[in-house]
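Student: Turn this into a model:
(2 chains)
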Amino acid sequence: GAGVSQSPSNKVTEKGKDVELRCDPISGHTALYWYRQRLGQGLEFLIYFQGNSAPDKSGLPSDRFSAERTGESVSTLTIQRTQQEDSAVYLCASSLNLASEQFFGPGTRLTVL
Amino acid sequence: QKEVEQNSGPLSVPEGAIASLNCTYSDRVSQSFFWYRQYSGKSPELIMSIYSNGDKEDGRFTAQLNKASQYVSLLIRDSQPSDSATYLCAVNSGAGGFKTIFGAGTRLFVKA
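Tutor: The predicted structure is shown next:
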């Protein structure tokens, strides 16, 4: 079946603008995750959603970052008033449940000028 | 102490050799363990999952888990230049409601 998809694949924006990144998980996966990966660095956990439970937002770096998920489908990650340090690849992953393996999308490369 | 630790490398092995990648974790109640491969500029892809003590083999890859010693390893037999990548260890921790923690990764270079 189809894997995790993300859009856009690349986004260039100006400092101070808002951006919205989208993730379509694998059908039937109840858990969805967002990560940030700066160049040459490891994965930085941002947030996860599990079914109808309250999301774990413990990794969001500031209140400029927010995410939503509609049921067990699409999720959007919004970054308000972007800063240059927000430049990174934003990865989305989904899994059947919180204990099972995660499958990653191709990522969105965000560049803030 | 980090929850999941890996040697950052780079680990360099000649083509045809066995590459051994190690990972230690701190949460004793961890239940699920995963190895991912990440090529430069690409997203991580799952190589193997392991849940029980012992070895699990899949082609040229063998995952080894020792819960008593809190380590998990990945062996790559007959290493190929195409195996050159960063390998991420991930541990599903039971603490705080089952969250998967990723290590920082080990960079592997296989020299032709």
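
Student: secondary structure class for B:S82?
Tutor: helix (DSSP: H, G, I helix; E, B strand; the rest coil).

Student: Spatially nearest residue to it (excluding sequence neighbours)?
Tutor: Leaving aside its sequence neighbours, B:S82 sits nearest to B:V110 (Cβ to Cβ, 6 or more residues apart in numbering or on different chains; 7.8 Å). C-beta here means a position set from N, CA and C on the backbone, and glycine is covered the same way.

Student: hmm, the lowest-mean-pLDDT helix or strand in chain B touching chain A?
Tutor: Taking all helices and strands of chain B together, the one with the lowest average confidence (mean pLDDT, DSSP states H and E) is strand B:99-102, at a mean of 87. Yes - shown here: strand B:99-102 in contact with chain A (Cβ under 8 Å from any Cβ of the partner chain) through B:99-100, B:102.

Student: Can you pull out the low-pLDDT segments for chain B?
Tutor: In the predicted model, chain B carries pLDDT under 70 at residues B:1, B:94-98.

Student: at 90 what do you get?
Tutor: B:1-3, B:8-9, B:27-31, B:92-101 (pLDDT under 90).

Student: List, one by one, the residues from it near chain A.
Tutor: Counting by Cβ under 8 Å from any Cβ, chain B sits next to chain A at B:31-32, B:34, B:42-46, B:49, B:88, B:90, B:92, B:97-100, B:102-105.

Student: So among these, which ones count as buried?
Tutor: Those of the residues of chain B next to chain A that meet the buried threshold are B:32, B:34, B:43-44, B:46, B:49, B:88, B:90, B:92, B:98-100, B:102-105, by 16 or more other Cβ atoms under 10 Å in any protein chain shown.

Student: roughly how far out does the longest strand along chain B sit from the chain middle?
Tutor: Looking across chain B with DSSP state E, the single longest strand is strand B:85-93. Remark: strand B:85-93 is offset 5 Å from the chain centroid, using Cα atoms, centre = their mean, to the nearest Å.

Student: need the residues of strand B:99-102 next to chain A in CSV with distance to A:T78, can you?
Tutor: Listed next are these as CSV, based on distance: Cβ to Cβ, whole Å:
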residue, distance to A:T78
B:K99, 22
B:T100, 24
B:F102, 23
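
Student: Skip the chain neighbours and tell me the closest residue to the residue nearest in space to the middle of chain A.
Tutor: Nearest to the mean C-alpha position of chain A, by Cα atoms, centre = their mean, lies A:W34 at 3.3 Å. Counting by Cβ to Cβ, 6+ apart, A:L46 is the residue found nearest to A:W34 once chain neighbours are left out, at 4.2 Å.

Student: helix or strand for the one you found, which one?
Tutor: Mapping A:L46 onto the secondary structure by DSSP states H and E places it in strand A:44-50.

Student: Appreciated, that's everything.
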